[in-house]
Every structure is written in structure tokens, then in C-alpha cells.
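Student: predicted model follows, preceded by the sequence.
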Amino acid sequence: MTGESREVSAYERVGWLLRQWRLMSADTDLRKLQPYAEVLAQHGHRADASRVSRWESGRLRVPEAVLRSYEEILGLPRAGLAATCEGLARSWGARPPARTVDVSDAALSEAFATVQGACVEGVDWFEWAGCVAAADPLDDRYLALLDPLITRLVSEASRANGLALVTRYEALRRLIEAPLHQSRVMRAVGAQVIDPHAQATLVPVVLIADVRAEKAVNTLISLLGQPSAQLQLGATWGLHRKLSRHEVTPASMAALEAQLAQILFDGTNESALLKIVPLLDVLPSQTADRLRRLRPQLFPSRPRGVSGSATSRATMLATAVRGATARIESFTGREVDPVGRAIIEDAYSATSHDVRHQSALVLARSPYAAALGEVLIEQTQPNRCFEGAPGVLPYVVSKAERDALITRLGLAGADVRQTLIALAHVPGGPVPGVADLLDHDDLSIAHAALFAAGMQQDPVLERVAKDRRRAPAMRNGARWWLDHGGRVDDVRVV
């Protein structure tokens, strides 16, 4: 296992997701290629069994119109497959699903009216962004509306969950790829990122990596030195993508080396330094060697609490993947194929956040999300934590896992911080015990508790915001959540 199966293409991953939904169809006839192709043909597509097979094996790029028909035929949320598949393509540097670029004025007017409504879902933002990106140029009546709408979209994407995150995140990526609108998105991103009290900054920072310009690289480098853990982590993930795609100029590389050297000199704890360790794997070897020599004692192979050697890490990863694949196989009665196994491996252990994020999203949008939630709860129990499993849990966690996670907050040896992050993504409202954890001596746990309280719109936020005995960072953070709102969900589990 390499921990990053890039040899499996974006189109193969798209095809795997489509195939899994077709094979799990309630209509047994649709599980067969020929009857399914006939239904697609009735929806106006040039489809036969051979073409469907090529789409589902990744040998042929799937048009967006076909993805929409898969959603309609199989009873899936609108734009759920389309947004997920578009994200896969962008992250792997492939061409996104082909879509129409002919946008009528009526369609554009309807899209703008929809996203200005009281109830706007991710599909509305995704389709609006497609219209805006394709309309060239926009007239003044629409341009005047863009900035406040994009600001709202950035805020919602930073707090979104599940399908609501997929559609909003990919809506922003659509706009970033449109040269006329990229600067507007970056202004909205920058406004949230530079707010010293902002609480949900990870998604906006990661979006900067989608801008193919040296200024974006330099912005990420500067964010590495910020005190916020979310800013540091987002900048690390963004720079990893830039380095992997060879989008860092020699001048920016020198600035990055200087910033990393400063972090190494100033670093006082292993946990903070581990954030930048993945960058050394994608830096030019000479640069990475120079940085390692600065303070070699600060670079253990991995945190000792997780595993002590490369061999044990590989063993734990193999065990975790076996657990996930076994649950899927018991659910389907079929063996998980190599593409599915690669997606699971990458969700658990890819060194690139982009690969890990997109792989986890595929699993979350697959028919197996609920079954995987059960596995991940088991794999993240105290003293049984498999490396990578805690990072996947927030993607697939649902109300079914809520009680088990709440119980875990009181267990000795539990990873309280990670449990709080998972609970922030669970439907069900305020989480018992979070108020007490806001006063935890470990600041990382206190901030995670604030994140959970903010995402769940816990009434404790009002008290924290007014309590002058608390640290200013906690008071201001609570005010930020009260101003922006909590978790954004489109498809609610009740």
C-alpha cells in the first residue's frame, strides 16, 4: 500500500461510484447493463451496454447530463453525483464532466433569483455557479449582486456538512476557474481568512490552492506562520497540492524554505510541527534535506501514540482497510474491486489532503456510507484507533453514531478533540458535555469544543460571548459563530 493510489484515475473513481449506485438499485433490472442503457436512452442519451460499461470503468468521461440522469433514475439527490464527480476530476487534474455552456438570459435570471431566496440549498449554488461561469460577460444588474452572494457562499461552504459541503465547495471551484470571477472569490475568501476571530477557515484556505498564480502560493506561505491551527493546516494542505503539481516558482520555493526554517527554529512541540511534515515529502529533495538537518530530533516518523514504525503503520492501515472492505462486502455480497479498495486506502492514508478529502467524499456519497460509519466508530474506539480512521469519520458520521460518540467523551483514553470534531458534523443539536469542555486545560480540546458548539448552535455560545472571565479568543469565537450561524445541512437526518 502506498497510501496514495494516484494510478487509479479520476474517471475510474467516478465510474466506480456510478456502478455502485446502479448495482444497489431497488429495481433489479437496472442492475443489468442493457436494461439500464435502455432507460438512459429513454432520457435522451446515446447509450448502450458498451457505452455504460465504458463510463463505469473510467474509460470514457461521463457528461454532466448523464450524471443528472443517474441521479434521477436511481432516486439520488440532485447534483450529488454531479458535484462529487466534478470535484474528483478537478482534484486529479482531469477535465470535469462536459456540460452545456449555452446559458439563456431566462436561465441566468432564474438562477440568481433562486440563490437570493430564503432557503438556498447546495444544488442551487452549484447550478448558479455553472450559469455564472458560462455566462460571458455578465451585465451590470448581475455584477452588482455577485460580491454579496459569493461572500455568503464562502461562509456557508466553510460551515457545510455532507452533500451541502460537496455542492458549495464545487460551486466555488467553478467560479475560481472562470477568469472573470476568480478575483471576486478570492476577495471573499481573503475577508474570511484575515478576520482574526474567524472560526471556520479551513475550507476557504484550501480554496486558495485552486488559484494558479504565484500570489496564491505566497499567500499560503504567509498563512503557515499564523497562530490559528486551522490556517496552518489549510495552508499546509494547499501547499502540498501546489508542490505536487509543480506550481511553485524558484522564488516562491525560496520563500517557502525560509518560512519552514523559521517554523522549525520556533517550534516547541511535536504536535505543531507534525502539521508541516507532509510538505517535506513533496519538496525538492535537497530542500527537504536542508530543513531536516536543522532540527532532526523533531522529525519522528509518526506520533508514537499511533504507531512506532513504518511496519506497524502499514499493518494498522491494512487492518483498517480490511475492516472497511469486509463491511461493504457483507452489505453487497460482492467483493470490493481494486478501484474501491484504492479509494478506501486513500481516504484513510493519502499524503495529499486533496486526495484524502475527495476519496472520503466518494465513500460518503456511496451507498455504503451508513455501513462505514459503524466500522469507523469501532476503529476509533480508545486503544483501538487505526491510523486514518478518525479523519474519515466526520465525512460519514450520522445521527446513528451520535450516542456512541457522546459516550466516548467520558471514556478514559479517548481522543476527545477528534470526537468533538465528529460530533460537530452529527445531526441532533447541542451535545451534552460540550459546555464543560470549553474550560479544558488543553486549548486544542477547548477550541474543538467551541467548534462543536458553533456547528450545533449550542445556547452556551450566548453565555460564552458575554462572559468576561473567559479568554478573548473564546468570547470572540463564540460571537463569530452567533453572527455566521451553525452547521449547514441540505438533506437533514431527523
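Tutor: Alright, I've got the coordinates. Numbers count the residues shown, from 1 in each chain.

Student: CA only for contacts and neighbour counts going forward, please
Tutor: Will do.

Student: just to be sure, G373 is in a strand?
Tutor: No - counting by DSSP: H, G, I helix; E, B strand; the rest coil, G373 is not part of a strand but helix.

Student: list the contacts of the nearest residue to R356 once chain neighbours are set aside.
Tutor: Distance criterion CA to CA, 6 or more residues apart in numbering; nearest residue to R356, sequence neighbours excluded, is A347 at 4.5 Å. By CA atoms under 8 Å, 6 or more residues apart in numbering, the contact list for A347 reads V355, R356, H357, Q358, S359, A360, G388, V392.

Student: then V211?
Tutor: So V211 contacts I176, E177, Q182 (CA under 8 Å, 6+ apart).

Student: same question, L363
Tutor: I343, I344, A369, V396.

Student: repeat that for 10 Å
Tutor: Residues near L363 by CA atoms under 10 Å, 6 or more residues apart in numbering: L17, G340, I343, I344, A347, A369, A370, L372, V392, Y395, V396.

Student: still on that earlier bit, identify the farthest-apart pair in the contacts of A347.
Tutor: Spanning the widest gap among these are Q358 and G388, at 14.3 Å by CA to CA.

Student: the stretch 301-450 of the chain: helices as residue ranges?
Tutor: Taking DSSP state H, counting those that start in this stretch as the criterion, the stretch 301-450 of the chain carries its helices at 310-332, 338-349, 353-364, 369-379, 389-396, 402-408, 416-424, 434-437, 443-455.

Student: just to revisit the earlier point, let's have the contacts of V211 in JSON lines, adding secondary structure, pLDDT and neighbour count.
Tutor: Listed next are the contacts of V211 as JSON lines, based on DSSP: H, G, I helix; E, B strand; the rest coil; pLDDT from 0 to 100; neighbours: other CA atoms under 10 Å:
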{"residue": "I176", "secondary structure": "helix", "pLDDT": "95", "neighbour count": "23"}
{"residue": "E177", "secondary structure": "coil", "pLDDT": "92", "neighbour count": "15"}
{"residue": "Q182", "secondary structure": "helix", "pLDDT": "94", "neighbour count": "18"}
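
Student: can I get the residues you listed in a markdown table with distance to R322?
Tutor: Output for the contacts of V211, formatted as a markdown table (distance: CA to CA, whole Å):
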| residue | distance to R322 |
| --- | --- |
| I176 | 38 |
| E177 | 38 |
| Q182 | 42 |
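
Student: coming back round to it: rank the helices of the stretch 301-450 of the chain by mean pLDDT and give me the bottom one.
Tutor: Out of the helices of the stretch 301-450 of the chain, helix 310-332 stands lowest, with a mean of 86 (criterion: mean pLDDT).

Student: so for Q34, which of the helices of the stretch 301-450 of the chain sits nearest?
Tutor: Across these, Q34 has its closest neighbour in helix 310-332 (20.9 Å, CA to CA).

Student: give me the angle between that closest one and helix 338-349.
Tutor: Taking axes from the mean of the first three to the mean of the last three CA atoms, to 10 degrees, one finds helix 310-332 and helix 338-349 inclined to each other by 130 degrees.

Student: so what does helix 310-332 touch, helix or strand wise?
Tutor: helix 338-349, helix 369-379, helix 389-396 (3 or more CA pairs under 10 Å, 6 or more residues apart in numbering; DSSP states H and E).

Student: any idea how far V392 is from G485?
Tutor: From V392 across to G485, the span is 24 Å (CA to CA, to the nearest Å).

Student: ugh, wrong one, A98
Tutor: 35 Å.

Student: of the two, which one has the most company?
Tutor: Using other CA atoms under 10 Å as the criterion, A98 and G485 rank with G485 on top: 16 against 13.

Student: wait, that one sits on S155?
Tutor: Yes - G485 lies in contact with S155 (CA atoms under 10 Å); the separation is 9.2 Å.

Student: tabulate the helices and strands packed on helix 310-332 (TSV), appending distance to D105.
Tutor: Below are those laid out as TSV (distance: least, CA to CA, whole Å):
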stretch	distance to D105
helix 338-349	40
helix 369-379	39
helix 389-396	37
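
Student: out of those helices, which is closest to L165?
Tutor: Minimum separation from L165 across these (CA to CA) falls at helix 389-396, 10.1 Å.

Student: which strands and helices lie in contact with that closest one?
Tutor: The helices and strands touching helix 389-396, judged by 3+ CA pairs under 10 Å, 6+ apart, are helix 310-332, helix 338-349, helix 353-364, helix 369-379, helix 416-424.

Student: nearest to R479, out of these?
Tutor: helix 416-424 (17.4 Å).

Student: now the angle from the closest one to helix 443-455?
Tutor: Here the directions of helix 416-424 and helix 443-455 differ by 10 degrees (the same axes, to 10 degrees).

Student: helices and strands around helix 416-424, which ones?
Tutor: Helices and strands touching helix 416-424, by 3+ CA pairs under 10 Å, 6+ apart, are helix 389-396, helix 402-408, helix 434-437, helix 443-455.

Student: now those as TSV including mean neighbour count and distance to T219?
Tutor: Formatted as TSV, those follow (neighbours: other CA atoms under 10 Å; distance: least, CA to CA, whole Å):
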stretch	mean neighbour count	distance to T219
helix 389-396	23	26
helix 402-408	16	37
helix 434-437	18	34
helix 443-455	24	25
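
Student: need those in a markdown table (columns: distance to A129).
Tutor: Converted to a markdown table, the helices and strands packed on helix 416-424 look like this (distance: least, CA to CA, whole Å):
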| stretch | distance to A129 |
| --- | --- |
| helix 389-396 | 24 |
| helix 402-408 | 34 |
| helix 434-437 | 37 |
| helix 443-455 | 25 |
